[in-house]
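Colleague: Here's my sequence, what's the structure:
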Amino acid sequence: MGDMADGPRTIDLFSGAGGLSEGFRQAGFRVGLGLDFDEEACNTHAANHPDAKVLCTDVRGVSGADLLSETGFGEVDVMIGGPSCQGFSTQGRRGAWASEDDPRNLLYREFARLVGELRPEWFLLENVPGLLWFDRGSFGRRVFAAFEAHGYRVAHKIVLAADYGVPQLRRRLLVVGTRTGAAFPWPRQTHMGAVRRDAIELWERRRQEKFPHLAPHRTLWDAISDLPVLPDGGGEEESRYRTMPQSEYQALMRGENSLLFDHQSPVLPQVHYDLIRHVREGQTWREIPVELLPERFAKIRRTDGTNLFARPERTRPSYTIITQFGNVTTGAYTHPIQDRAFSAREGARIQSFPDSYRFYGNLTSKYRQIGNAVPPLLARTMAEALLLAIRGESGEDVLAAKRDLLIPEQLELPAAV
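Modeller: A predicted model of the protein is given here:
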């Protein structure tokens, strides 16, 4: 590997708004280039990563040599990226899985092709867990085989972002590959809590008794309670804070920032506005009078676990931020105590983007970019683990030195719920 005095050299494929890039930048990597097909996401990446080039083009028409010529790097140390995962997402799925031939499901091949051409020592791929489950796991095996064919040893893990300090119950598949023969030191979780509401007391009791070195999951209110009150459809691209930070996480997100960006919410259709006023914090569509519900709700059992029209609880992490988190009909995206959808900045906070991070495009595009992104705090956690591996510090001695932050592997956690 070449000179890394200024940090390992990195290229971000399918970079979107730059969640992975931001986490790796914070960890000390040099992000030389982001590539994406979404023009507004490219504008966002370029504005927030002025030292990186941006290629706004179809990855299928790009070679490894093209990427190197744009960055000015002689070689790449780490390739990162999140190929489009919509074809495997279970969010909002109404029927069967998307077709295996859906072009969105084949972009991993382009990632593997460019890894094969550029030969980085490491790569990191992020995706939804559904990639592993499709076709009884055979599709996931094909994805791994595409990288193994280029001489990479591949490891994977499904992680919950809340376990690493992100105030969100977001599960993601992380795939790490290397051609060095070194082992990857998967980061140990730093936070612990329940996923299901009916297991909150169980998990908190287990945390206090067996894992007191782990912090409780960060909550929705830890993330957004300091942001100004907005009316439905209110807010501006640029505004100011009106209070001091009310949590350690809010102070972390603010940093040295003095202006508040993108704290804007969409105008709700009157019918949706009238419906959410029947729903209190922690409740869902079931509290809306039956005669007021849209016709499609007649087909949903009252016992169904869906969170449509829900108001999330302030005392728990947010549910997964999706590309349509400005639409209160799609899930738990109504503000817990204000009659409106989450603002773009609230979604960005829940995703762990720093407040200095600005998003470009119309409001619909901002929501899409934020929902598609990898949480930067999760990306940073992975980047710091990669730094250990790159520097050859991934042995037990290093892990032992950080034992106060780690879960002892011999202790058995309750099954995920």
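
Colleague: Give me the buried positions along stretch 267-275.
Modeller: For stretch 267-275, burial by neighbour count (16 or more other C-beta atoms under 10 Å) applies to Leu268, His272, Tyr273, Leu275. The C-beta positions use only the backbone N, C-alpha and C, and glycine is treated the same way.

Colleague: Pull the most distant pair out of these.
Modeller: Within these, two members stand farthest from each other by C-beta to C-beta: Leu268 and Leu275, at 9.2 Å.

Colleague: Okay, now the unreliable bits of the stretch 151-300 of the chain?
Modeller: The model of the stretch 151-300 of the chain has pLDDT under 70 over residues 298.

Colleague: ok, now with 80
Modeller: Across the stretch 151-300 of the chain, the ranges flagged by pLDDT under 80 are 296-300.

Colleague: Generate JSON lines for the buried residues of stretch 267-275, with secondary structure as supplementary columns.
Modeller: Formatted as JSON lines, those follow (DSSP: H, G, I helix; E, B strand; the rest coil):
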{"residue": "Leu268", "secondary structure": "coil"}
{"residue": "His272", "secondary structure": "helix"}
{"residue": "Tyr273", "secondary structure": "helix"}
{"residue": "Leu275", "secondary structure": "helix"}
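
Colleague: where along this structure do the strands fall?
Modeller: Taking DSSP state E, the strands of the chain run over residues 9-13, 30-36, 53-56, 78-81, 122-127, 153-160, 168-169, 171-178, 191-192, 215-216, 235-240, 259-264, 318-319.

Colleague: Relative to the second one, what are the paired strands and their orientations?
Modeller: If I follow you right, that is strand 30-36. Sheet pairing of strand 30-36 (DSSP bridges) gives strand 9-13 (parallel), strand 53-56 (parallel).

Colleague: neighbours of Gly28, just the number please.
Modeller: Neighbourhood size, Gly28 [other C-beta atoms under 10 Å]: 14.

Colleague: do the same with Lys299
Modeller: Around Lys299 there are 7 other residues, counting by other C-beta under 10 Å.

Colleague: For it, give its distance to Thr329.
Modeller: Separation of Lys299 from Thr329 (C-beta to C-beta, to the nearest Å): 15 Å.

Colleague: cool, and Leu363?
Modeller: From Leu363 to Thr329 the distance is 17 Å (C-beta to C-beta).

Colleague: Break this structure down into its domains, please.
Modeller: Residue ranges for each domain of the chain read 9-191+376-405, 220-372, as given by automatic domain parsing.

Colleague: would you turn the ones you listed into CSV with distance to Ala199?
Modeller: What follows is the domains of the chain, written out as CSV (distance: least, C-beta to C-beta, whole Å):
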stretch, distance to Ala199
domain 9-191+376-405, 12
domain 220-372, 11
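
Colleague: To Gln208, which of those lies closest?
Modeller: Using C-beta to C-beta, the nearest of the domains of the chain to Gln208 is domain 9-191+376-405, at 13.4 Å.

Colleague: Compare the domains of the chain and report which one is nearest to Leu202.
Modeller: Closest among the domains of the chain, using C-beta to C-beta: domain 220-372, at 14.2 Å.

Colleague: Which of the domains of the chain sits closest to His213?
Modeller: domain 9-191+376-405 (5.5 Å).

Colleague: How far does that closest one sit from its chain's centre?
Modeller: Its chain's average C-alpha position is 11 Å from that of domain 9-191+376-405, according to C-alpha atoms, centre = their mean, to the nearest Å.

Colleague: Quick one: the helices in the stretch 301-417 of the chain, in order.
Modeller: Counting by DSSP state H, counting those that start in this stretch, the stretch 301-417 of the chain has helices at residues 344-351, 363-372, 376-390, 396-401.

Colleague: Point out the most buried one among these.
Modeller: helix 344-351 (a mean of 28; mean count of other C-beta atoms under 10 Å).

Colleague: quick one, that one and strand 259-264 angle?
Modeller: Angle of helix 344-351 versus strand 259-264, following axes from the mean of the first three to the mean of the last three C-alpha atoms, to 10 degrees, is 100 degrees.

Colleague: could you say what helices and strands helix 344-351 packs with?
Modeller: Helices and strands touching helix 344-351, as assessed by 3 or more C-beta pairs under 8 Å, 6 or more residues apart in numbering; DSSP states H and E, comprise helix 220-224, strand 259-264, helix 363-372.

Colleague: Adding distance to Pro216 and mean pLDDT, write the helices of the stretch 301-417 of the chain out as JSON lines.
Modeller: Output for the helices of the stretch 301-417 of the chain, formatted as JSON lines (distance: least, C-beta to C-beta, whole Å; pLDDT from 0 to 100):
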{"stretch": "helix 344-351", "distance to Pro216": "16", "mean pLDDT": "98"}
{"stretch": "helix 363-372", "distance to Pro216": "25", "mean pLDDT": "97"}
{"stretch": "helix 376-390", "distance to Pro216": "16", "mean pLDDT": "96"}
{"stretch": "helix 396-401", "distance to Pro216": "23", "mean pLDDT": "38"}
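
Colleague: I'd like those helices as CSV, with distance to Glu256 appended.
Modeller: Shown next, in CSV, are the helices of the stretch 301-417 of the chain (distance: least, C-beta to C-beta, whole Å):
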stretch, distance to Glu256
helix 344-351, 16
helix 363-372, 22
helix 376-390, 17
helix 396-401, 30
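
Colleague: For Val54, which of the ones you listed is the nearest?
Modeller: Minimum separation from Val54 across the helices of the stretch 301-417 of the chain (C-beta to C-beta) falls at helix 363-372, 13.6 Å.
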